[in-house]
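1. what's the 3D shape of this:
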Amino acid sequence: MLDSFFDSLATEAKNLLAMLIIVLLGYFIWRYSLTKEVLALAGTIFLGYLAWKMWIHYIQQDFISGITFVLLEIIPPREVLRSPKAMELFITNALYHWSIKGGKEEYWQGAIWFWFSLEIASVDGQVHFYIRTPSRIKDLIETQMYAQYPQAQVKVVEDYTLAVDEITPQSAWNAWGCEFKLTRPEAYPIKTYIDFGLDKDPKEEYKVDPISPVVEFFGSLRKGEQCWVQIIVTPSKKEYHTHGTWFGHHDWVAESKIQIEKLLLPYTSKRDDPGEHLVKLSRIEVRIPAFLDRAVKAMSAKTSKLGFETGIRVMYLAKKEIYPVGSRTNNSRDIRLIFRQYAAPDVNEFFRINSTQGDAYGGIFTISSKTIMHLANRMLNEYRERAFFHLPLRHHLFSMHTIPWPLSPLFFPAYIHHETYVLNSEELATIWHFPGQILKVPTLERIESKEASPPTNLPT
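-> Residues are numbered from 1 along each chain as shown. Below is the predicted model of the structure:
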């Protein structure tokens, strides 16, 4: 009881101190007629802050312009006998490029952490797996992929998105796209391959692979249709404001622990230990109800693996003569369900946002078909740029945050706000890995024969 009393007293003292400082500063400014001087100082500080932000943005964009990206196609082996644990190890070793950057690198050269795009694409029903990576990381991607899947094939290919020129009234294509967010804080994990029992390597006929619905749907597309999904990742450096401090911050692991404490707060009690001490020690007792037991264990397990800041985007494209609704099953509607198998209602799940459709801006009135096509073409360019991190300046100046509804859909449609969140290596390996041979999709390209090392006794 005494600890709680003193904690609350300290919090109130901090609030009163801040109010007292503000009142004293206000009186000082009024008493000595320093309004103009204070406004000039505040304006100088604001302009300096703005100039600093513009400088950081400029040097980062300049650094990014010097990065050469390549697209690698990964052709899986005919027999994938390993569990998604192998893909998790690949993601951990090949894609987590966290490092401490010095002041010169970060504030003069504009150095940023690399980001990667894990992709699955269906072109006329042919299913392909891709990784987009900076060229300097290409060799590492190849060696780590061969380390986990020796029979796979990795090759540099042209960007498949370039086959679709644009989405306009004059072009041959139409498109629908969306992005995905988590319905709850990122401390809550989605359903992973471990929940499906794939970590135990069951017999092939007993496997229930969560990626099978995605590959099966992609393989069912016909000529003139394409469907793409990209999972863009970078090592997580997200920071959260620490409650009770002015400038304190903590990372996603500490935030996850805070979320667990919030979840268990109604079931937590503090009791004083009996004894002869003048200051009694308190002990915490937590009684987790059965219906929260799985959620707490899943949240605790998520922080035991590396976290990646992640953004997910999906697009369906088709020639205009076969795209309109009613000509066949509306694939733009079906694609919304491709991540439903990862939903765990008591923990977390994906939810569709930023769809290129009539209610894109969430207003009472739907936008015109011309504006919808404009948004679809914009999403095509964002997909092609793999844009989630380090966005161009146009995303900041003309976003839905700076241009609110109803102005946002008019004249110059505002840019949507991309949402990113932390997924760990286990979650990423669940939504991007090679399906086993139980999935009989003839349009999924595989290596037909096993490659063997040459014998050591060959003549030189």
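2. report the mean confidence score over the host helix or strand of residue 428.
-> Element membership of residue 428 [criterion: DSSP states H and E] is helix 425-431. Mean pLDDT, computed over helix 425-431, is 96.
3. what's the answer for stretch 292-303, then?
-> Mean predicted confidence for stretch 292-303 is 91.
4. could you find the closest non-adjacent residue to the residue nearest the centre of the chain?
-> Centroid-nearest residue in the chain, with CA atoms, centre = their mean: residue 310, separated by 1.7 Å. In space, and not counting its chain neighbours, residue 310 is closest to residue 423: 4.5 Å by CB to CB, 6 or more residues apart in numbering. Every residue, glycine included, has its C-beta placed from N, CA and C.
5. for the helix or strand hosting the one you found, name the packing helices and strands.
-> Using DSSP H and E, residue 423 sits within strand 421-424. Contacting strand 421-424 under the criterion 3 or more CB pairs under 8 Å, 6 or more residues apart in numbering; DSSP states H and E are the following elements: strand 307-319.
6. hmm, back to that, please report how far the residue nearest to residue 310 lies from residue 21.
-> Computed with CB to CB, to the nearest Å, the distance linking residue 423 and residue 21 is 42 Å.
7. who has more neighbours out of these two?
-> residue 423 (26 against 10; other CB atoms under 10 Å).
8. which helices and strands does the helix or strand where residue 177 lies pack with?
-> Using DSSP H and E, the element containing residue 177 is strand 173-182. For strand 173-182, the packing partners by 3+ CB pairs under 8 Å, 6+ apart come out as strand 307-319, strand 350-353, helix 369-385.
9. list the buried residues of the first one.
-> In other words, strand 307-319. By neighbour count on 16 or more other CB atoms under 10 Å, the buried set for strand 307-319 is 307, 308, 309, 310, 311, 312, 313, 314, 315, 316, 317, 318.
10. what of the last one?
-> Judged by neighbour count (16+ other CB under 10 Å), helix 369-385 contains these buried residues: 371, 372, 373, 374, 375, 376, 377, 378, 379, 380, 382, 383.
11. let me have the buried residues of strand 307-319 in a markdown table, extended by pLDDT.
-> Listed next are the buried residues of strand 307-319 as a markdown table, based on pLDDT from 0 to 100:
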| residue | pLDDT |
| --- | --- |
| 307 | 94 |
| 308 | 96 |
| 309 | 96 |
| 310 | 96 |
| 311 | 96 |
| 312 | 97 |
| 313 | 96 |
| 314 | 96 |
| 315 | 94 |
| 316 | 93 |
| 317 | 93 |
| 318 | 91 |
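12. can you list those in CSV and add distance to residue 405?
-> What follows is these, written out as CSV (distance: CB to CB, whole Å):
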residue, distance to residue 405
307, 33
308, 32
309, 28
310, 27
311, 23
312, 25
313, 22
314, 24
315, 24
316, 26
317, 27
318, 30
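13. stretch 144-158 - what's its average pLDDT?
-> Averaged across stretch 144-158, pLDDT comes to 94.
14. buried stuff in the helix holding residue 428?
-> Those would be 425, 426, 427, 428, 429, 430, 431, for helix 425-431 by 16+ other CB under 10 Å.
15. who touches that helix?
-> Residues outside helix 425-431 that contact it (CB atoms under 8 Å, 6 or more residues apart in numbering): 84-85, 87-88, 90-92, 96, 118, 189-194, 210-211, 231, 233, 302, 305-306, 308, 310, 339, 342.
16. just stretch 222-232 next, same as before
-> Here stretch 222-232 makes contact (CB under 8 Å, 6+ apart) with 115-125, 160-161, 164, 214, 217-218, 221, 310-319, 321-322, 331, 335, 338, 383, 386, 388-389, 428, 431-432.
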